[in-house]
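*Asks:* give me a model of this one.
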Amino acid sequence: MARKIFYFICILSIAVFMLCSCGEKESGNSSASMDETADTPEIMTKIEEIGETEPTASPEPKKINKWLSFAETDTSEDRNPVRVGDGGGFSSIGLKFTVDFIMTDLSLECPSWSDDIGKMVFRLYKWDTDYALTTAGEPIFTDTDTFVDYPDNATMEIIFDPEIGPGTYLWELSEGTGGVGVWAFKTHGAENLEFYKKGELYTDNTAFNGEINGYIMFE
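*Replies:* The predicted structure follows:
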């Protein structure tokens, strides 16, 4: 009888020990789960911080001024007036040119034979094969207001609005009345320029006094 009681006590002790061990494991698992849960907000915060980082801004492009001068000199002794229209002038004068920049304005030094009276019409064409074909097309820019009763020997400026992109063009002055024109120099013009009178190419080394201004964008 005593032996049966002993065995019963042993079995009971083993059962209690196993139950205690299982409880500790479950408690440990629960603690670990709580620790993982506790770490979750910190991890999410870090992820949100990374997601909110703004991208690095690209550098702003720079505007670089450029220009094209029509003559290679500005020596006053070498200049002479070229008349447009009535009073012995040419029916038209023009200049073919090529630019690799965006054009903003054009300037010309213009005489009016001392009386500040007269007018001309300015037109700008996209170049097409030759002078005749070019001027037979529609001008891309026309100005009938700038060259009207201007001061003698004034530097007249034409603003291109909107601005005009790179390419090969022809500007022309015509329909002159009242004694008007442009100053020119007895010199070679800048490279790749062609000067015209009455639609015919100049061959006497005369270059109009003026320039075209503009810019390019550079990163």
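
*Asks:* what secondary structure does Asp74 sit in?
*Replies:* Local secondary structure at Asp74 is given as coil here, using DSSP: H, G, I helix; E, B strand; the rest coil.

*Asks:* identify the residues contacting it.
*Replies:* 185, 209 (CB atoms under 8 Å, 6 or more residues apart in numbering). Backbone N, C-alpha and C define where each C-beta goes, glycine included.

*Asks:* please apply the same query to Met156.
*Replies:* By CB under 8 Å, 6+ apart, the contact list for Met156 reads 107-110, 146-147, 150.

*Asks:* and it, how close does it get to Gly167?
*Replies:* Between Met156 and Gly167 the computed distance is 23 Å (CB to CB, to the nearest Å).

*Asks:* cool, and Gly199?
*Replies:* Taken as CB to CB, the span from Gly199 to Gly167 is 21 Å.

*Asks:* okay, the two: which has more neighbours?
*Replies:* Remark: of Gly199 and Gly167, Gly199 carries more neighbours, 16 against 13, as counted by other CB atoms under 10 Å.

*Asks:* how near is the more buried one to Gly189?
*Replies:* Taken as CB to CB, the spacing of Gly199 relative to Gly189 amounts to 17 Å.

*Asks:* coming back round to it: ChimeraX command for the buried members of the contacts of Met156?
*Replies:* When burial is assessed using 16 or more other CB atoms under 10 Å, the buried subset of the contacts of Met156 is captured in ChimeraX by this command:
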select :107,108,109,110,146,147,150
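
*Asks:* most widely separated two among the contacts of Met156?
*Replies:* In the contacts of Met156, the most distant members under the criterion CB to CB are Glu109 and Thr146, with 13.4 Å between them.

*Asks:* how many other residues sit next to Phe195?
*Replies:* For Phe195, the count of nearby residues is 22 (other CB under 10 Å).

*Asks:* that one - nearest residue in space that isn't next to it in sequence?
*Replies:* Counting by CB to CB, 6 or more residues apart in numbering, Phe195 lies nearest to Tyr202, which is 3.9 Å off, once chain neighbours are set aside.

*Asks:* follow-up on the earlier one: Phe101: which of the contacts of Met156 is nearest?
*Replies:* Taking CB to CB as the measure, Ser107 is the one of those closest to Phe101, at 15.6 Å.

*Asks:* can you tell me the helix or strand for the closest one?
*Replies:* strand 102-110 (DSSP states H and E).

*Asks:* could you do Thr135 as well?
*Replies:* When secondary structure is defined by DSSP H and E, Thr135 falls within helix 131-136.

*Asks:* care to break the protein down by domain?
*Replies:* Per the record, the chain has its domains at 1-53, 62-218, by automatic domain parsing.
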